[in-house]
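Student: sequence? don't have it. structure:
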DNA sequence: CCACATTGATTGCAATTGCATAGAACCAAA
DNA sequence: TTTGGTTCTATGCAATTGCAATCAATGTGG
């Protein structure tokens, strides 16, 4: 049913996996070097922050970040412990939490961004033209079509 | 020194990170479903297997897989415990280990490949033409140039 | 309304990973 | 050949992740 992939495809796959890891490692390392928490913290804060009223259900975070449910749960534990988000009861669904970003959370996100951005630019943006970046995004988009 | 990336670049970056994770998760899930160990096991076995005489130093594994040094060490512990590779003293360098793949290791790798391959094909290969795959690999290659 | 499957969140326990360090072998320069 | 730096591997300990349940709230079909 599924034929074995062509060498071209295998090569492209390997490039994808290796390159992504190499780049993320470099970007993460920069964040760590500057004393910031891991990228996942940023991504969660970002998703909550950009949601209406700075609120988002845990399940929403899960969808947007692709983290496993129990990982979201425990990452939120940590964020909450640090005072970066709050968990509130959801009025519409008794099972859900609504996460609310705090001023401290917003502030951390704001401070992380320039460092994250510099990493993206150095290792990624600076190596592609605008057309190439678009082309890349276009190709990647084809891979997640439903 | 590092300007903030353009929206196009940020979008492409986000696509890269998200897409890679989504695809790897799907492929890993298939392996798990069929009772196989994680992808990293495969990658290590693969690298050792394809090296001359089925031997490779641990440091070589580290270079090729981009795993952290201590992770290679402990992953090799597990592989060794399962009888998939052996650690031997390196005759040329007293610090090094040489990993040797066993028959069992080769066998596992061989059995994992069709499952891995089917995952690559389903989630990746089948969604791209040969030209697109090449294009993608080309773009990714630009990102790791020294 | 009553099962019964589903969804959202949590948690105990085991496995893995990250961090910091150690220690041995090698290497290069004086 | 001694000193000091670097490479390669290993490990104790803490943090994170994965797995497999559990539990409560919803939703659904009869």
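Tutor: Done, it's in. Just so we're clear, the structure is a prediction, and the values are computed from it rather than from any experiment.
Student: now the angle from the helix or strand harbouring residue A:140 to helix B:130-142?
Tutor: Per DSSP states H and E, residue A:140 falls inside helix A:130-142. Relative orientation of helix A:130-142 with respect to helix B:130-142: 120 degrees, computed using axes from the mean of the first three to the mean of the last three C-alpha atoms, to 10 degrees.
Student: can you map out the helices along chain A?
Tutor: Counting by DSSP state H, chain A has these helices, from start to end: A:7-33, A:39-49, A:58-65, A:69-81, A:103-123, A:130-142.
Student: tell me the most buried of those helices?
Tutor: Mean neighbour count, computed with mean count of other C-beta atoms under 10 Å in any protein chain shown, is highest for helix A:39-49 among the helices of chain A, reaching a mean of 21. The way it works is simple: take the backbone N, C-alpha and C, and place the C-beta from them, glycine included.
Student: quick one: contacts of that one?
Tutor: A:24, A:27-28, A:31, A:36, A:54-56, A:60-61, A:64-65, A:67, A:72, A:75-76, A:78-79, A:84-85, A:99-101, A:105-106, A:108-109, A:112-113, A:116 (C-beta atoms under 8 Å, 6 or more residues apart in numbering or on different chains).
Student: show the overlap between those residues and what lies near chain B.
Tutor: With C-beta under 8 Å from any C-beta of the partner chain as the criterion, the subset of the contacts of helix A:39-49 in contact with chain B comprises residue A:24.
Student: residue A:20 against residue B:16, yeah?
Tutor: Yes: A contact is recorded between residue A:20 and residue B:16 when judged using C-beta atoms under 8 Å, the distance being 5.8 Å.
Student: so which residue is dead centre in chain A?
Tutor: Nearest to the mean C-alpha position of chain A, by C-alpha atoms, centre = their mean, lies residue A:43 at 3.9 Å.
Student: re the thing from before, which other helices and strands contact the helix holding residue A:140?
Tutor: With contacts defined as 3 or more C-beta pairs under 8 Å, 6 or more residues apart in numbering or on different chains; DSSP states H and E, helix A:130-142 has these neighbours: helix B:7-33, helix B:130-142.
Student: redo the ones you listed as CSV? Include mean pLDDT and distance to DNA strand C.
Tutor: CSV is the format used below for those (pLDDT from 0 to 100; distance: least, C-beta to the nearest atom of the strand, whole Å):
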stretch, mean pLDDT, distance to DNA strand C
helix B:7-33, 96, 11
helix B:130-142, 97, 22
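Student: would you list the ones you listed in a markdown table and tack on distance to residue A:7?
Tutor: Below are the helices and strands packed on helix A:130-142 laid out as a markdown table (distance: least, C-beta to C-beta, whole Å):
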| stretch | distance to residue A:7 |
| --- | --- |
| helix B:7-33 | 18 |
| helix B:130-142 | 10 |
